[in-house]
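# Pasting the sequence and the predicted model now:
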Amino acid sequence: MVTDFQARLDPELRTALDAAPTIDLSGDLPKLRDALRRVNEPLWASMPEVPDVVARDLCAPARGEHPEVPVRVYERVDRVAPTAALLWIHGGGMVFGSVAGDDFMCRTWTRKLGCVVVSVEYRLAPEHRYPAHVEDAYTALSWLWSQVDDLGIDHARVAIGGASAGGGIAAGTALLARDRGELPMAAAQLLVFPMIDDRGITISNNEITEPRVWNRDANCHGWRAYLGDLAGTDDVPIYAAPARASVEQLRGLPPAYIDVGELDPFRDEDIAYAARLLQAGVACELHVTPGVWHGSEATVVDAASSRRIRGYRNEWMRRMLGSVTD
């Protein structure tokens, strides 16, 4: 039987969906992480070399009770300072992911944009719950601002971004940085299908049940791992779930970019967040791509929809951070 999800699916993605494994977060997460790492490491090793880019593994120093945070810093070997910088936060449903998984993408952006990219290795749930993720990102952002002169970064072009859980953490970190008032304001927010609503109340969250893509059940497990018994209650802070922020609470944030797929459980929360940003006077560019699931552009890279999605992002980053050369 063809499901509604399959009927709405971009035909170019159908073969990849048929080959995709079921996503199940109900088991032992450390074992699942280990299994994913064993599968992914050969794939990461097989990625083509990105020329003219070097990377260094460093640590953002601890802040008070918050520990030091590993970061990977990317830059072009021929970079002429000062250039823009992007603090990047990987995805993984709050429970998976690593700097290594986004290494090729960060190298590619570094080469195309000519900017510095700083990728954050934040702690994962359920071993580390809120506010660990957003505090780690804030620690990395604080360090980045402290290093702008040493790294040759243009103070006016420091952006923060992330994908999925990382997009939600980036949005939360932007809110936290504005409210603490300790750091300069970032120039922009790159929010790639951000995970921002723990309540699971939207139509898209409840209609996307296809087990081979990020879906309602996986999303519920991710939020429960991150927030514990706090998930879904009235006590969740906006820094943990930015979709809870009112229009008034969104005022004064940096300009934002959001993209999301039609078949992504985050579709409705992301559209609503973009609308509230605009209502708050925050510039926001929004793209909703028909027929694609959560992160499909990284799975079927040559599909026309995937090329369009990458094109949206590249064009925005070129305007905000520098020139995409190819």
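Received it, and whenever you're ready, just let me know what you need.
# wouldn't P242 be in contact with L191 here?
No: contact between P242 and L191 fails when scored by CB atoms under 8 Å: they sit 9.0 Å apart. Just so you know, the C-beta spots here come from the backbone N, C-alpha and C atoms, and that holds for glycine as well.
# Identify the contacts common to these two.
With CB atoms under 8 Å, 6 or more residues apart in numbering applied, the overlap between the contact sets of P242 and L191 consists of A171.
# how about the strands in the protein?
Counting by DSSP state E, residue ranges of the strands within the chain are 53-60, 69-76, 83-89, 116-120, 153-163, 188-192, 256-263, 284-293.
# Could you list every helix and strand in contact with the second one?
Using 3 or more CB pairs under 8 Å, 6 or more residues apart in numbering; DSSP states H and E as the contact criterion, the elements in contact with strand 69-76 are strand 53-60, helix 103-113, strand 116-120, helix 132-146.
# Pipe those into TSV and attach distance to R180 per row.
Conversion of the helices and strands packed on strand 69-76 to TSV gives the following (distance: least, CB to CB, whole Å):
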stretch	distance to R180
strand 53-60	16
helix 103-113	26
strand 116-120	18
helix 132-146	8
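# closest to D18 out of the ones you listed?
Closest approach to D18 among these (CB to CB): helix 103-113, 25.1 Å.
# elements contacting that closest one?
strand 53-60, strand 69-76, strand 83-89, strand 116-120, helix 304-321.
# For these, give me a markdown table that also has distance to N219.
What follows is the helices and strands packed on helix 103-113, written out as a markdown table (distance: least, CB to CB, whole Å):
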| stretch | distance to N219 |
| --- | --- |
| strand 53-60 | 29 |
| strand 69-76 | 25 |
| strand 83-89 | 18 |
| strand 116-120 | 22 |
| helix 304-321 | 20 |
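# Mean neighbour count and distance to D149 added to those, as JSON lines?
JSON lines is the format used below for these (neighbours: other CB atoms under 10 Å; distance: least, CB to CB, whole Å):
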{"stretch": "strand 53-60", "mean neighbour count": "16", "distance to D149": "16"}
{"stretch": "strand 69-76", "mean neighbour count": "21", "distance to D149": "15"}
{"stretch": "strand 83-89", "mean neighbour count": "27", "distance to D149": "12"}
{"stretch": "strand 116-120", "mean neighbour count": "28", "distance to D149": "12"}
{"stretch": "helix 304-321", "mean neighbour count": "18", "distance to D149": "18"}
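# these two touch, right, A60 and T139?
Yes: using CB under 8 Å, A60 is in contact with T139, at 5.0 Å.
# shared neighbours, those two?
Between them, A60 and T139 share the neighbouring residues E68, V69, with contact defined by CB under 8 Å, 6+ apart.
# Now do stretch 210-223, average pLDDT.
For stretch 210-223, mean pLDDT rounds to 97.
# Enumerate the positions of that stretch that are buried.
By 16 or more other CB atoms under 10 Å, the buried positions in stretch 210-223 come out as E210, V213, W214, N215, R216, D217, A218, N219, C220, H221, G222, W223.
# Can you give me every residue that contacts the residue nearest in space to the middle of the chain?
Averaging the C-alpha coordinates of the chain gives a centre point, and the residue nearest to it by CA atoms, centre = their mean is A163 (1.8 Å). Contact analysis of A163 by CB under 8 Å, 6+ apart lists I89, H90, G91, D102, V192, F193, P194, G295.
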